[in-house]
Structures are given as structure tokens and as C-alpha cells.
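1. Build me a model:
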Amino acid sequence: MMKKIHVGFLLSYDYENLKKAIPPVYEGADAIFIAEDKEYRTWSGEKFEVSSSFYDWLKEFDTENKIQIYKDDFYLPELTAIENDTRERTMLSEKMGVGNWLVQVDADEYFIDFNGFVKNLRKYDRFLDNPEKTPVQIAGFLINMYKYTDDGLLYVDQPTKVLLATNYPKYTYARQNRKRIIYVDSLLMHECISRSEEDLMTKLTNWGHSKDFDIESYVDKWRTVNKNNYKEMQDFFYLEPSGWKSLDFIDSKDIDEIKTRLNAKSNLHPSPFFLFKKNLGQYFKHLFK
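-> Numbers count the residues shown, from 1 in each chain. Modelled structure (predicted):
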């Protein structure tokens, strides 16, 4: 039985975030896979621990027996962090099974409307008939959460592209396989760096981009930003600062309320014309490849 919606997650040091990432996709997914390194190592080779209470939560939450843990050796010391990243994602998607929609969501990415995303996916089921000959990727948009304050959330006011699903998982860099991309109007909250300073440092020193920027300098700036001065500052992205030009603020810390209010902001959704233009460009770009 193919042509199902299979969703994969990676379990690492931020595994607690899976309690927020899994519930939004649970109903709409046919199966959920969680990749777990058998030695509990990050892509940089650092060890982490997982509380038994997480597995208790997983067992209690999984009322329909949709979730399975895929244990394997996901760390090779001769590879860089980003190479281990790409390798694990490839192994996970192959485990989920070519012939299905292979959706990968990071632990800190929370769908606002997964059922809507599934409806969009189903429009393209024809690409599952011969995946190797017609590889595609489905992209949505991340609303990057920058920092929680005492009474709200600072977030990047310009969503960024995120590759979410593919029919053929030959990744070359993280979730990228450099094949045709189909863009859809689907938003996710990305709890990228909106975490405690300790958790932020753990993330920045262990993920695939750990060697790509000055971590100490970046965190120094992050510390200084607050709801009173964010309008006077700019350039907040860790890799290319101008990629996150400016921030906005929501005076709530309740994730459901934040989701509702973000989804209601028309400026955060791609316009139909934008989607048409991007998808037409991708069609012709890959027409003869």
C-alpha cells in the first residue's frame, strides 16, 4: 500500500519539542517515524540523554499506534555535521518508503494547518507513480520565532522557504535534493532560536551549521534584543544577517493563540500570484532535466 502520508522526525537534544511538533500532524499522517541514534549522539558526535518520561508520553499519546522509532547509527566521525545531517535524513526517508509522500519535520517546526498541507499534497499524487523519473519537493514557509520575552514573542516578520516533503529522497544538503520544487501556502512556526540561552547554545554548537558563523557574537546580539528596542535593530539571521531583516511582536506566549494570530496575518501568507510565479519558474527550470 503506497501513496500514504509518512512523516519523519529526528530525535536529538531538543527532543522535548517533539511534544509540540507531533500533535499537529498526528491526525493527518498515516504513519510517523522518529529517527534515533542508537548511541544518542548529535551530528557533531556529542552525547545527549533522553528522559524516560518522554517515551512514556509517546506511548500514551500514540493512541492509534502510528508512531515507530527507527534506531540506527546516524553519526560517522569522518563526516561533517551537515554531512551527517543529510545522511540521517536520507536514511529516515528511505525507511519511510519510496512510493509514499515523505514529509520531514524538525522537532522545532510546528504545522499551523497540517490537514491543509495534506490536501495540497494530494493534488500531486501523480508524482508518486514513478518517483525516480519525476522527483519533486514540496515547500511551505516558516515563521521563524526569534525570542520569548516576559510577556510575548518576537518573530521574524518575513517567512522563509522550507522543504517539507519529497517523493524521492536523494538529498544533497539537509532536506534539499536540488530537484523541482512546488510551493504551497502552508505555514509552520519555527522555534528556531526562541529558547533559553542554555538551550540555544546547545543547538548552535551541535547542529549542521555549527562551523558556519561566529556563535558567541550572534548570541551577544540575541541577548540584547527585547520588545522595546527591536524596531530600532535589523539583520537577525545567523548565516546571512540580512536574511532576517526585521522582527515583529505578539503579546502572548500561548502557542495555540500565537498560531491563530499568525495564521490570520495575510502578510505572512504567500500570495496566489507569488505561488504561481515560483511554480511556473520551477516547472520550466526542470522541464528538460
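
2. For the nearest residue to Asp248 once chain neighbours are set aside, give its distance to Leu164.
-> Distance criterion C-beta to C-beta, 6 or more residues apart in numbering; nearest residue to Asp248, sequence neighbours excluded, is Asp157 at 4.1 Å. Where C-beta positions appear, they are placed from N, C-alpha and C, glycine not excepted. Using C-beta to C-beta, to the nearest Å, one obtains 21 Å as the distance from Asp157 to Leu164.

3. So the two - more neighbours on which side?
-> Between Asp157 and Leu164, counted using other C-beta atoms under 10 Å, the more crowded position is Leu164 (25 against 17).

4. what about that one, distance to Leu153?
-> Noted for Leu164: a distance of 23 Å to Leu153, by C-beta to C-beta.

5. quick one: contacts for Gln137?
-> For Gln137, the contact set (C-beta atoms under 8 Å, 6 or more residues apart in numbering) comprises Leu163, Leu164, Ala165, Thr166, Arg175, Gln176, Asn177, Lys179, Arg180, Ile181, Ile182.

6. between the residues you listed, which is closest to Val50?
-> Among the contacts of Gln137, Arg175 lies closest to Val50 (C-beta to C-beta), at 23.2 Å.

7. what number of residues lie near that closest one?
-> When neighbours are counted by other C-beta under 10 Å, Arg175 comes out with 22.

8. Which residues does the least confident helix or strand in the chain by mean pLDDT contact?
-> Scoring the helices and strands of the chain by mean pLDDT, DSSP states H and E places helix 197-206 at the bottom, with a mean of 83. Contact with helix 197-206 is made by 12-14, 42-44, 46, 81, 193, 195, 210, 215, 218-219, 222-223, 238, as judged by C-beta under 8 Å, 6+ apart.

9. One more: stretch 122-129?
-> Met2, Lys3, Gly99, Asn100, Trp101, Thr134, Pro135, Val136, Ile138, Asn167, Ile182.

10. Check the gap between Asp113 and Thr172 for me.
-> Distance from Asp113 to Thr172, by C-beta to C-beta: 29 Å.

11. do the same with Leu121
-> 22 Å.

12. Between the two, which is the more surrounded one?
-> A count of neighbours by other C-beta under 10 Å puts Leu121 above the other of Leu121 and Thr172, at 22 against 11.

13. residue ranges of the helices in the stretch 101-250 of the chain, please?
-> Secondary structure of the stretch 101-250 of the chain by DSSP state H, counting those that start in this stretch: the helices cover 114-122, 197-206, 215-224.

14. what about the residue lying closest to Phe213 once chain neighbours are set aside, how many neighbours?
-> Excluding the flanking residues, the one nearest Phe213 by C-beta to C-beta, 6+ apart is Tyr238, at 5.2 Å. Using other C-beta under 10 Å, Tyr238 has 20 other residues around it.

15. What are the neighbouring residues in contact with Tyr238?
-> Here Tyr238 is in contact with Ile193, Leu204, His209, Asp212, Phe213, Tyr218 (C-beta under 8 Å, 6+ apart).

16. Pick out the most distant pair among those residues.
-> For the contacts of Tyr238, the maximum inter-member distance is 14.3 Å, found between Ile193 and Asp212 (C-beta to C-beta).
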